[in-house]
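Q: no sequence for this one, just the structure:
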């Protein structure tokens, strides 16, 4: 899963519009851009050709692309102010969410850095400017080798306007102090003092992001609600997003019990009107629902949707879309493994006593009905609906959506190794800790579950022939 051309295009365009790259500047080489975005050279060249046609760049064979876009300082300032003002509702919230999600991943990246890697990090640390800081983070996140996590990182960086706003709005940003902190991280990392490093990362993160917010806030203009831009994690940029999203939506409805036994879908035309999509999209969606096993085409009757908990047909693992989404499921599970403890703690802390008891009661219902296997889906769905911030709900909703691709595996008779005993233990302990207001223990037991199930699920998918590295 490489970054798509649209994301790279938006990033480079903003670099120019924010005058991070000015008229006459030369862009990094194609090779450097490929390394930065984990993209193919063909993808990068496609972006550069598009930007050349639109008047942003001059591209010549054998030479690096050069910026030819001209704008006045007033035009630049207007663009920056509008861009950030439109996103300000989610801006400060998203900054806080990145601390929760990415700090554990940065720590894991440090644990995987070798001697040569520390040399590379030292090169970024010497500069201390915001671009070097982003590259420092990027290098560590790449060490985890999870393209979905990398996709989320660049989506957030693009939304926040980093690092291309540095030359214009970061007057409180102290590059020298940042460089010293990064060198300190490297030193602590070489000593493998992980708790100390985690504490320093947290303090640094809060201090740096606080400075950035303080720099930007005076420029923010009031924007009408209908013109505000909210953060969206666009996982399917390169693929048929509408079709995949509709499949997830229908699997969510199945999980919610919206379909009775022997329920048939409406006609393609009715579904197209209901969901506001083309008939072609509906046709591809229904075909994929059949291939993944949650639906069955019956001649002369239509498409039957299996009800919640009903025995499903086994997914067709030869279908590229199923392979692709099961690979994304696996990657989302790894993201959850690293970040869930902090995220679940934030979530549980925001719940009232009554809400915690209500969640515990719902888990008891699953346990009494013999459906402990659905506990992880129920918890993720609850997180996606009740997390205290919109951005955290957005991220959890996408993880929940990707997790639904594993639902047919469970209900079609697939047997995840030790899955039943693991989820029953998760359910019992979550109920105990929720009733006892033991928030830290709730977060810890969910992480314990994720740490056990991620490698087991990965190996299980590999045994089914799913290409996880494609």
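A: In hand now; what should we look at? Everything quoted here is computed from the prediction, not taken from an experiment. Numbers count the residues shown, from 1 in each chain.

Q: going forward, measure contacts and count neighbours with C-alpha atoms only.
A: Fine.

Q: as a check, name the ranges of all strands in the stretch 151-300 of the chain.
A: Along the stretch 151-300 of the chain, counting by DSSP state E, counting those that start in this stretch, strands occupy 263-264, 295-298.

Q: let me know which of these is the nearest to residue 354.
A: Comparing those by their distance to residue 354 (CA to CA), the top pick is strand 263-264, with 36.0 Å.

Q: walk me through which strands that closest one pairs with, and which way each runs.
A: Pairing partners of strand 263-264, with direction, according to DSSP bridges: strand 302-305 (antiparallel).

Q: so what touches the strand it pairs with?
A: Identification of contacts with strand 302-305 by CA atoms under 8 Å, 6 or more residues apart in numbering yields 259, 261-265, 267, 286, 294-298.

Q: just the buried ones among these, please.
A: 259, 264, 265, 286, 294, 295, 296 (16 or more other CA atoms under 10 Å).

Q: tell me the two of those residues that are most distant?
A: 259 and 286 (15.2 Å).

Q: now do the residue positioned nearest the centre of the chain against residue 394, distance only.
A: Central residue of the chain (CA atoms, centre = their mean): residue 152, 3.9 Å from the mean position. Going from residue 152 to residue 394 by CA to CA, to the nearest Å gives 11 Å.

Q: of all the strands of the stretch 151-300 of the chain, which lies closest to residue 387?
A: strand 295-298 (31.6 Å).

Q: re the thing from before, what sits against the residue lying closest to the residue nearest to the centre of the chain once chain neighbours are set aside?
A: Excluding its sequence neighbours, the residue lying closest to residue 152 (CA to CA, 6 or more residues apart in numbering) is residue 233, at 6.8 Å. By CA under 8 Å, 6+ apart, the contact list for residue 233 reads 152, 155, 394, 395, 398.

Q: just send those residues back as JSON lines, with pLDDT too.
A: Below are the contacts of residue 233 laid out as JSON lines (pLDDT from 0 to 100):
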{"residue": "152", "pLDDT": "94"}
{"residue": "155", "pLDDT": "91"}
{"residue": "394", "pLDDT": "96"}
{"residue": "395", "pLDDT": "95"}
{"residue": "398", "pLDDT": "95"}
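
Q: verify the stated contact: residue 34 with residue 46.
A: No. Using CA atoms under 8 Å, residue 34 is not in contact with residue 46; the gap is 11.9 Å.

Q: give the rounded mean pLDDT of the helix or strand harbouring residue 9.
A: Element membership for residue 9 (DSSP states H and E) is helix 5-17. For helix 5-17, the mean pLDDT works out to 90.

Q: same thing with stretch 374-381?
A: 93.

Q: could I get the contacts of strand 302-305 as TSV with pLDDT and distance to residue 280?
A: Shown next, in TSV, are these (pLDDT from 0 to 100; distance: CA to CA, whole Å):
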residue	pLDDT	distance to residue 280
259	85	23
261	82	27
262	79	25
263	87	22
264	89	19
265	90	16
267	90	12
286	92	10
294	90	20
295	90	18
296	89	18
297	87	17
298	88	19
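
Q: count of residues packed around the nearest residue to residue 432 once chain neighbours are set aside?
A: For residue 432, ignoring the flanking residues on the chain, the nearest one in space by CA to CA, 6+ apart is residue 360 at 7.9 Å. The number of residues packed near residue 360 is 20, by other CA atoms under 10 Å.

Q: now the terminal residues of stretch 16-34, how far apart.
A: 18 Å.

Q: quick one, what contacts residue 179?
A: 125, 126, 127, 128, 129.

Q: distance-wise, check it relative to residue 129.
A: As judged by CA to CA, residue 179 and residue 129 stand 8 Å apart.

Q: for residue 231, grab phi and psi.
A: Residue 231 adopts backbone torsions of phi -70, psi 130, taken as degrees, to the nearest 10.

Q: most surrounded residue in the contacts of residue 179?
A: residue 125 (25 neighbours).

Q: look up which helix or strand that residue falls in, please.
A: helix 115-127.

Q: how far is stretch 119-131 from where the chain is centred?
A: Put simply, stretch 119-131 sits 25 Å off its chain's centre (CA atoms, centre = their mean, to the nearest Å).

Q: hey, where'd the helices end up in the stretch 51-200 of the chain?
A: 73-111, 115-127, 130-143, 147-160, 166-169, 175-191, 194-216 (DSSP state H, counting those that start in this stretch).

Q: brain fart, the stretch 251-400 of the chain
A: Counting by DSSP H, counting those that start in this stretch, the helices of the stretch 251-400 of the chain are 268-275, 279-292, 320-350, 353-368, 375-386, 390-403.

Q: tell me the mean pLDDT for the third one?
A: Right, the one you point to is helix 320-350. Rounded mean pLDDT across helix 320-350 is 93.

Q: for that helix, packing partners?
A: helix 73-111, helix 147-160, helix 390-403, helix 439-463 (3 or more CA pairs under 8 Å, 6 or more residues apart in numbering; DSSP states H and E).

Q: tilt between that helix and helix 73-111?
A: Angle, helix 320-350 to helix 73-111, by axes from the mean of the first three to the mean of the last three CA atoms, to 10 degrees: 90 degrees.

Q: chain center to helix 320-350, what's the gap?
A: 8 Å.

Q: any chance of the helices of the stretch 51-200 of the chain in TSV, plus distance to residue 11?
A: Converted to TSV, the helices of the stretch 51-200 of the chain look like this (distance: least, CA to CA, whole Å):
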stretch	distance to residue 11
helix 73-111	13
helix 115-127	20
helix 130-143	13
helix 147-160	6
helix 166-169	14
helix 175-191	22
helix 194-216	19
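
Q: low-confidence ranges, the chain, go.
A: For the chain, applying pLDDT under 70 flags the ranges 1-3, 163, 165-173, 237-240, 413-418, 470.
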